[in-house]
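[1] 3D, please:
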Amino acid sequence: MIFVTNAEGRATFVSPEWTDYTGQALEDAVGFGWARVVHPDDREIARRTVEAAIEAQSAFNLRYRMLAPDGRAMWVAAGAIPSFGPPNRTFLGFLGSITQVHGEPAADLRAYGSLGSFMPPAHPATPPSSMLEAMADHLLMAHALVEPASVARLRPLIERLLHEVGIELARAERQGEAQAAIH
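    Sure, this is the predicted structure:
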């Protein structure tokens, strides 16, 4: 699942799979509404990590439990990279992804957050619902691979593409809302 936030960390876009996985309507997830489906024991870690990432204008990783529509907790890996725009590389917010964690026994998992980088899963368990979301997933992976590949000069290009994909996701969301209002 893809998400976009503004500079205050308020979600401005969550992909349609959000409702399938959480039961929460998309309009209820915007702002800080998404936090209502974070397991109560993990909310403080998620809040502190996002606040620290905003202050540092840094990429972040989170692992926490998200509540499914039936109330059961499912482990997810989430994270995002910051987006900057004119003038003077103004911090605009984050573009990130959330995917369900499979394969590890739940007893071995714990909630945590960290700053500095974001490495999305290579094969997300949550398939993208649009080509734009698939592009965002791949660009987030490319962003994470820039440092290990020693091609840091590509980072600004990838970040610019991620910024443009975020704009297109917002545009597609507004067009979808306009279409829904017509019908």
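
[2] buried residues in the longest strand seen in the chain?
    Across the chain, the longest stretch assigned as strand under DSSP state E is strand 73-85. Buried positions in strand 73-85, judged by neighbour count with 16 or more other C-beta atoms under 10 Å: Ala73, Met74, Trp75, Val76, Ala77, Ala78, Gly79, Ala80, Ile81, Pro82, Ser83, Phe84. From N, CA and C alone the C-beta is placed, and that goes for glycine too.

[3] same question, stretch 11-22
    Burial within stretch 11-22, assessed by neighbour count using 16+ other C-beta under 10 Å, is assigned to Ala11, Thr12, Phe13, Val14, Ser15, Glu17, Trp18, Thr19, Tyr21, Thr22.

[4] Helices along the chain, start to end?
    For the chain, the helices defined by DSSP state H cover 17-22, 26-29, 43-56, 131-145, 155-182.

[5] Columns mean pLDDT and distance to Ile2 on top of the ones you listed, output as TSV?
    Converted to TSV, the helices of the chain look like this (pLDDT from 0 to 100; distance: least, C-beta to C-beta, whole Å):
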stretch	mean pLDDT	distance to Ile2
helix 17-22	85	9
helix 26-29	85	12
helix 43-56	94	16
helix 131-145	70	5
helix 155-182	71	7
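
[6] which ones are touching Tyr112?
    Tyr112 makes contact with Ile45, Leu62, Arg63 under the criterion C-beta atoms under 8 Å, 6 or more residues apart in numbering.

[7] Go through those residues and name the one nearest Ala111.
    Checking the contacts of Tyr112 against Ala111 with C-beta to C-beta, the nearest one is Ile45 at 4.8 Å.

[8] Name the nearest residue to that closest one, sequence neighbours excluded.
    Leaving aside its chain neighbours, Ile45 sits nearest to Ala111 (4.8 Å; criterion: C-beta to C-beta, 6 or more residues apart in numbering).

[9] Spit out the contact partners of that neighbour.
    Counting by C-beta under 8 Å, 6+ apart, Ala111 makes contact with His39, Asp41, Asp42, Ile45, Ala46, Leu62, Arg63, Tyr64, Arg65.

[10] before we move on, the earlier item: from the chain's centre, how far out does the longest strand of the chain sit?
    Remark: strand 73-85 is offset 3 Å from the chain centroid, using C-alpha atoms, centre = their mean, to the nearest Å.

[11] quick thing: my sequence starts at 12, can you match it?
    Okay, using 12 as the starting number, the last item reads as strand 84-96.

[12] The spatially most central residue of the chain and Gly42: what is the separation?
    In the chain, the residue lying closest to the centroid (C-alpha atoms, centre = their mean) is Gly107, at 2.7 Å. Distance, Gly107 to Gly42, using C-beta to C-beta, to the nearest Å: 16 Å.
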